[in-house]
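# This is the structure alone, sequence omitted:
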Ligand code: TRP
């Protein structure tokens, strides 16, 4: 029997440039998995059609950010010779599979999807004004994942309800039509600080609208400026005061980014991050020293990313070619899955010679 392939699929909505929350939440892991050589196929895509479900009046925003996110992907180390980078809207098979998946999900099940629930509240769609496309995007997302037979979806915690819904749909499909599609698993970040990186202002989430993001494409000066104004511990007034780590954004970022090797190399006084934390909580360590370390650590991570971005920015037509090629590869994979889906659903009329013969016999016997 054929060994089950290990396949990664994940993606982002191209509604803004990617920030360091995206990086520690998923992007860094994708690059590591890509370079581990443990996966048979890797699909990374821009969910532009999904982005349009709640940006319907702003197509230009999505269009502009498709290239920004592609640059962020390449800059972060996704390698088009190892990972297929593509754009959702260019794979019409996804609409087709979504349409069939719609028969497998009830309206009330969609209403119970917590991501849909909170996003509806957050985005302020008033009750009836929810577009059907937005309401049903978990179905379209299930199609994204199932289409590429993904076994592994590296994503943030917020995507868990989507994955659960996808598994339900796949299970239901396989029960009705026979074993055809693959149930995926989510791969969450392994460090709590990376699950949801707070904004530089200490707010729960980094978000463009809150203006509390550090972007992968920020210059070194911008990064330093943003770190300088970062939220720390409001009760830590004098250097000698004991400081607190909970909710202290500088330490959350250090947890997400700094290795002990870096702490030892970039500070004079500490071998590990824990030693620095102990000093901070005892009192006697000022915020600025912690911020200095964070700046140095962030620059070590971001500088190579910035350099790669600058290289790719010099040849934008090539970046579009990378995406175009990725779309071709993705369409081929999608076409194969759709062949299997149509066969399973008994809508493969013209591929099934036995069907045509059988029907001829039936009618000639009349
Ligand atoms: N919903 C995801 C986000 O907002 C993007 C996305 C669309 C996705 N389809 C996906 C992520 C499939 C993982 C797998 O970031």
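On my side now, so go ahead. Quick caveat, the model's predicted, so the values are computed rather than measured.

# C-alpha from now on. contacts and neighbour counts both.
Noted.

# Buried ones in stretch 270-279, by neighbour count?
Across stretch 270-279, burial judged by 16 or more other Cα atoms under 10 Å covers 270, 271, 272, 273, 276, 277.

# Switch those residues over to JSON lines; also include pLDDT, secondary structure and distance to residue 44.
Converted to JSON lines, these look like this (pLDDT from 0 to 100; DSSP: H, G, I helix; E, B strand; the rest coil; distance: Cα to Cα, whole Å):
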{"residue": "270", "pLDDT": "95", "secondary structure": "coil", "distance to residue 44": "39"}
{"residue": "271", "pLDDT": "96", "secondary structure": "coil", "distance to residue 44": "37"}
{"residue": "272", "pLDDT": "95", "secondary structure": "coil", "distance to residue 44": "35"}
{"residue": "273", "pLDDT": "96", "secondary structure": "helix", "distance to residue 44": "33"}
{"residue": "276", "pLDDT": "96", "secondary structure": "helix", "distance to residue 44": "38"}
{"residue": "277", "pLDDT": "96", "secondary structure": "helix", "distance to residue 44": "37"}
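
# which one of the residues you listed is nearest the ligand?
Proximity of these to the ligand (Cα to the nearest ligand atom) peaks at residue 273, which lies at 30.6 Å.

# OK, contacts around the closest residue to residue 260 other than its chain neighbours?
For residue 260, ignoring the flanking residues on the chain, the nearest one in space by Cα to Cα, 6 or more residues apart in numbering is residue 272 at 4.6 Å. Listed by Cα atoms under 8 Å, 6 or more residues apart in numbering, the contact set of residue 272 reads 259, 260, 261, 263, 264.

# Tell me how many other residues crowd the fourth one.
Using other Cα atoms under 10 Å, the number of residues around residue 263 comes to 23.

# All further residue positions should be reported with the first residue as 41.
Understood, numbering begins at 41; the last thing we discussed is residue 303.

# and it, what helix or strand is that in?
Assessed by DSSP states H and E, residue 303 sits inside helix 300-306.

# Averaged pLDDT, that helix. What do you get?
Mean pLDDT, computed over helix 300-306, is 96.

# And the contacts of that helix?
Counting by Cα under 8 Å, 6+ apart, 310, 311, 312, 313, 333, 336, 337 sit against helix 300-306.

# possible to save the residues you listed as JSON lines with distance to residue 72?
Formatted as JSON lines, the contacts of helix 300-306 follow (distance: Cα to Cα, whole Å):
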{"residue": "310", "distance to residue 72": "28"}
{"residue": "311", "distance to residue 72": "26"}
{"residue": "312", "distance to residue 72": "23"}
{"residue": "313", "distance to residue 72": "23"}
{"residue": "333", "distance to residue 72": "24"}
{"residue": "336", "distance to residue 72": "22"}
{"residue": "337", "distance to residue 72": "19"}
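
# In the stretch 41-190 of the chain, where is pLDDT below threshold?
41-42, 163-168 (pLDDT under 70).

# Would you mind naming what in it lies close to the ligand?
Contact residues, the stretch 41-190 of the chain versus the ligand (Cα under 6 Å from any ligand atom): 50, 51, 52, 53, 87, 181, 184, 185.

# What sits closest to the fourth one if chain neighbours are left out?
Using Cα to Cα, 6+ apart and skipping residues adjacent in sequence, the residue nearest residue 53 is residue 87, 4.6 Å away.

# any idea how far residue 181 is from that neighbour?
9 Å (Cα to Cα, to the nearest Å).

# neighbour count winner among those two?
residue 87 (22 against 19).

# quick one, strands of this structure?
For the chain, strands defined by DSSP state E occupy the ranges 47-52, 81-86, 124-127, 192-194, 225-227.

# Which one of those lies nearest to residue 282?
Among the strands of the chain, the nearest to residue 282 by Cα to Cα is strand 225-227 (37.0 Å).

# what about that closest one and the ligand, any contact?
No - using Cα under 6 Å from any ligand atom, strand 225-227 stays clear of the ligand, coming no nearer than 8.7 Å.

# Could you dump the strands of the chain into TSV and include distance to residue 274 and mean neighbour count?
Below are the strands of the chain laid out as TSV (distance: least, Cα to Cα, whole Å; neighbours: other Cα atoms under 10 Å):
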stretch	distance to residue 274	mean neighbour count
strand 47-52	34	22
strand 81-86	39	23
strand 124-127	43	24
strand 192-194	35	21
strand 225-227	35	18
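
# what about the helices in the stretch 141-290 of the chain?
147-152, 154-163, 172-175, 177-187, 200-217, 232-235, 260-268, 289-297 (DSSP state H, counting those that start in this stretch).

# Can you say which of these is packed in most?
Ranked by mean neighbour count, these are led by helix 177-187 with a mean of 24 (mean count of other Cα atoms under 10 Å).

# Please report the distance of the nearest residue to residue 239 once chain neighbours are set aside from the ligand.
Nearest non-adjacent residue to residue 239, counting by Cα to Cα, 6+ apart: residue 246, 4.1 Å away. Applying Cα to the nearest ligand atom, to the nearest Å, the value for residue 246 to the ligand is 13 Å.
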